[in-house]
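In: sharing a model prediction with you, sequence too.
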Amino acid sequence: MFDHQNRRNFYSAPQSVTSLVAAFTEPALAIAAYLLALHVADEAVGRPDLTLCLLVFALTFPGRNRFFDTALSVAVDVIGAWMSLLVILALCAYATRSFHLFDREVLMTWAVATPLAHIAAVWAGQRVLRWNAAQPGQRRAAVVIGAGELGVKVAQALRENHVRGIDFVGWFDDRATDRVHADAAALRLGGLREAAPYILSQGIKDVFITLPLGSQPRIIELLENLQGTTASVYFVPDVFGISIIQGRLQDMNGVPVVGICDTPFKGTNELVKRVSDIVLSTLILILVSPVLLALAIGVKLSSPGPVIFRQRRNGLDGEEIVVYKFRSMVTQDNGHSVPQAVKGDARLTPFGAFIRRTSLDELPQFINVLQGRMSIVGPRPHAVAHNEQYRQLIKAYMVRHKVRPGITGWAQVNGLRGETESLDKMRARVAYDLEYLRNWSLGFDLQIIARTVKLVFFDRNAY
């Protein structure tokens with residue numbers, strides 16, 4: 001029977017269980033590998049070791065759910081996230097001068113063993129999921145109602161998910177076979193009124209409705225007919241033309257609400273993001289404090305004017321914020337018209353050109369991170385004047401403001417750093433920003449930070 005109270009997302013059972021397992025598996029494996037390395041080296045567990053374990057847990061919890069990724073994607077993601085974490089831990093050890101408190105052999109063993117253990121754990125979990133899905137009692141026959149482009153996409157997704165235990169049977173559509181999507185014609189099982197009897201007689205477990213929203217009367221009639229079956233029914237809205245950000249199904253006092261565009265930083269994610277920002281920015285500011293002093297002196301001696309340039313930017317939810325940078329120009333454009341810096345810009349001072357090329361002018365923004373105006377990783381903030389211009393030209397441009405702007409971002413480490421002299425380049429930057437919002441994880445942040453460190457020394461696209 002179609003249950004109006006059953007509002008869980010499709011696949012939520014395996015997805016929620018594996019997400020819970022993954023949340024604790026990643027930090028638990030890292031800590032267990034370290035303790036095992038200590039045991040093998042016959043080293044006692046001391047206070048520095050416990051401190052390291054707590055720091056690792058804070059930086060890796062919750063772990064990312066990789067049980068549904070490909071083998072190559074798992075290996076690249078695990079190794080990238082682990083290397084990024086090691087860089088952060090090394091910076092912490094350097095800033096606190098605590099390297100000597102740890103056994104070098106133990107650290108090397110731990111650095112190699114942890115990603116291998118994690119990849120093995122994901123592989124084992126995937127084998128368990130595949131085995132469970134292959135059991136006869138776990139197989140579920142499914143049909144799709146609506147043989148259009150969306151219906152074909154849903155069927156393809158069902159066929160490709162080998163760990164879900166789904167056997168796709170065919171499509172139902174009122175249109176004749178020669179009028180439905182070419183890929184669905186061979187498996188068209190009948191019209192909409194034939195769907196309920198077929199589903200009842202064949203024991204179909206899952207029904208996916210992909211009819212357009214304009215077919216509301218037919219959908220209502222179809223749902224009434226399906227109430228005489230025991231199938232689980234899922235409505236798949238056609239949202240492929242919409243930029244979905246953190247889409248999720250929520251319950252609002254008994255009313256089902258479908259989230260289309262939301263921030264990834266809610267609940268535990270918000271806490272993890274903020275704590276990591278505070279910890280890392282504090283350590284970095286302590287570490288680079290002599291550099292900050294030297295840069296301030298260099299800016300002051302290079303040309304008349306203030307050391308710090310205060311820029312008006314749009315922050316979280318589009319609210320205007322003030323962002324700090326070391327001044328690199330003889331002018332301080334911050335009004336309704338702000339020309340972007342270009343190669344050979346006459347406004348740049350010689351010292352300013354150097355600090356912009358190496359991104360050293362951005363260092364004061366770690367203070368903005370502590371203030372809560374920015375994050376270490378996120379979409380780069382643009383001048384308010386630029387936002388007003390691009391929001392009218394680029395679809396979903398303002399969605400990037402669903403999170404705090406960052407000192408570095410996914411777009412910047414993918415070559416879109418510096419001047420965006422064409423609209424296509426800005427569209428590409430926004431596309432990367434939206435991809436970051438869809439796929440955020442702490443490991444993703446650490447990967448971006450590690451790649452940013454490399455760009456500071458080797459990138460030539462900023463000026």
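Out: Now that the structure is in, tell me what you want to look at. Residues are numbered from 1 along each chain as shown.
In: C-alpha only now, for contacts and for neighbours.
Out: OK.
In: now do the buried residues in stretch 50-64.
Out: Buried residues in stretch 50-64, counted by 16 or more other C-alpha atoms under 10 Å: 52-53, 55-57, 59-64.
In: I should have written stretch 115-135 there, sorry.
Out: Using 16+ other C-alpha under 10 Å as the test for burial, stretch 115-135 gives 115, 117-119, 121-123, 125-126, 129-130, 132-134.
In: turn those into JSON lines, columns for pLDDT and secondary structure.
Out: What follows is the buried residues of stretch 115-135, written out as JSON lines (pLDDT from 0 to 100; DSSP: H, G, I helix; E, B strand; the rest coil):
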{"residue": "115", "pLDDT": "93", "secondary structure": "helix"}
{"residue": "117", "pLDDT": "93", "secondary structure": "helix"}
{"residue": "118", "pLDDT": "92", "secondary structure": "helix"}
{"residue": "119", "pLDDT": "92", "secondary structure": "helix"}
{"residue": "121", "pLDDT": "90", "secondary structure": "helix"}
{"residue": "122", "pLDDT": "90", "secondary structure": "helix"}
{"residue": "123", "pLDDT": "89", "secondary structure": "helix"}
{"residue": "125", "pLDDT": "85", "secondary structure": "helix"}
{"residue": "126", "pLDDT": "82", "secondary structure": "helix"}
{"residue": "129", "pLDDT": "77", "secondary structure": "helix"}
{"residue": "130", "pLDDT": "75", "secondary structure": "helix"}
{"residue": "132", "pLDDT": "70", "secondary structure": "helix"}
{"residue": "133", "pLDDT": "63", "secondary structure": "helix"}
{"residue": "134", "pLDDT": "65", "secondary structure": "helix"}
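In: can you redo the residues you listed as TSV with distance to residue 144?
Out: Formatted as TSV, the buried residues of stretch 115-135 follow (distance: C-alpha to C-alpha, whole Å):
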residue	distance to residue 144
115	40
117	40
118	37
119	35
121	35
122	31
123	31
125	29
126	27
129	24
130	23
132	24
133	20
134	21
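In: quick one, helices of the chain?
Out: Using DSSP state H, the helices of the chain run over 12-40, 47-60, 71-96, 104-134, 149-160, 195-202, 216-226, 268-302, 350-357, 365-371, 384-390, 423-439, 442-458.
In: dump the ones you listed to CSV, plus distance to residue 397.
Out: Below are those laid out as CSV (distance: least, C-alpha to C-alpha, whole Å):
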stretch, distance to residue 397
helix 12-40, 30
helix 47-60, 30
helix 71-96, 28
helix 104-134, 36
helix 149-160, 26
helix 195-202, 42
helix 216-226, 32
helix 268-302, 22
helix 350-357, 25
helix 365-371, 23
helix 384-390, 7
helix 423-439, 6
helix 442-458, 21
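In: the closest residue to residue 148 other than its chain neighbours - how many residues pack around it?
Out: Spatial nearest neighbour of residue 148, excluding adjacent residues (C-alpha to C-alpha, 6 or more residues apart in numbering): residue 181 at 5.3 Å. Neighbour count for residue 181, taken as other C-alpha atoms under 10 Å: 17.
In: show me the domain layout of this structure.
Out: As recorded under automatic domain parsing, the domains making up the chain are 12-133, 138-238, 268-458.
In: out of the ones you listed, which gets nearest to residue 245?
Out: Checking those against residue 245 by C-alpha to C-alpha gives domain 268-458 as the closest, at 5.4 Å.
In: ok now the closest one, how far from the chain's centre?
Out: With C-alpha atoms, centre = their mean, to the nearest Å as the basis, domain 268-458 stands 19 Å off its chain's centre.
In: next one: stretch 55-65
Out: Relative to its parent chain, stretch 55-65 has a centroid offset of 15 Å by C-alpha atoms, centre = their mean.
In: between the two ends of that stretch, how far is it?
Out: Terminal residues of stretch 55-65 lie 21 Å apart, using C-alpha to C-alpha, to the nearest Å.
In: let me see the mean pLDDT of that stretch.
Out: Model confidence over stretch 55-65, given as mean pLDDT, is 84.
In: please apply the same query to stretch 295-305.
Out: Averaging pLDDT along stretch 295-305 yields 89.
In: buried ones in it?
Out: 295-296, 298-299, 302-303.
In: any stretches of the chain with poor pLDDT?
Out: Along the chain, the model assigns pLDDT under 70 to residues 1-17, 133-138, 161-164, 239-244, 246-260, 331-346, 418-421, 456-463.
In: wait, what's in contact with residue 48?
Out: Taking C-alpha atoms under 8 Å, 6 or more residues apart in numbering, we find residue 48 in contact with 101-102.
In: who touches stretch 295-314?
Out: Stretch 295-314 is contacted from outside by 320-328, 330, 332, 334, 349-352, 381-384, 387, 401, using C-alpha under 8 Å, 6+ apart.
In: from those residues, list just the buried residues.
Out: Of the contacts of stretch 295-314, these count as buried by 16+ other C-alpha under 10 Å: 321, 323-328, 334, 349, 351-352, 381-384, 387, 401.
In: what's the separation between residue 272 and residue 64?
Out: Distance, residue 272 to residue 64, using C-alpha to C-alpha: 13 Å.
In: then residue 366?
Out: Separation of residue 366 from residue 64 (C-alpha to C-alpha) stands at 26 Å.
In: could you do residue 147 as well?
Out: Going from residue 147 to residue 64 by C-alpha to C-alpha gives 35 Å.
In: could you do residue 36 as well?
Out: Between residue 36 and residue 64 the computed distance is 23 Å (C-alpha to C-alpha).
In: can you check residue 281 too?
Out: Distance from residue 281 to residue 64, by C-alpha to C-alpha: 23 Å.
In: what's around residue 424, how many residues?
Out: Number of residues near residue 424 (other C-alpha under 10 Å) recorded here: 11.
In: and residue 191, what does it touch?
Out: Shown in contact with residue 191 (C-alpha under 8 Å, 6+ apart): 172-175.
In: ok, for it, nearest residue in space, not its chain neighbours?
Out: Closest residue in space to residue 191, ignoring its immediate chain neighbours: residue 174 at 4.3 Å, by C-alpha to C-alpha, 6+ apart.
In: right, and that neighbour touches residue 190 too?
Out: Yes. The pair residue 174 and residue 190 passes the contact test of C-alpha atoms under 8 Å, sitting 7.2 Å apart.
In: follow-up on the earlier one: most neighbours, which of the contacts of residue 191?
Out: Counting neighbours by other C-alpha under 10 Å, the top entry in the contacts of residue 191 is residue 173, with 25 neighbours.
In: relative to residue 327, how far out is it?
Out: Applying C-alpha to C-alpha, the value for residue 173 to residue 327 is 64 Å.
In: what does residue 56 give?
Out: Applying C-alpha to C-alpha, the value for residue 56 to residue 327 is 37 Å.
In: hang on, the earlier thing: might one say that the residue nearest to residue 148 is in contact with residue 147?
Out: Yes. Counting by C-alpha under 8 Å, residue 147 is a contact partner of residue 181 at 6.0 Å.
In: roughly how far is stretch 76-93 from the heart of the chain?
Out: 17 Å.
In: for it, buried residues please.
Out: Under the neighbour-count criterion of 16+ other C-alpha under 10 Å, stretch 76-93 has 77-85, 87-89, 91-93 buried.
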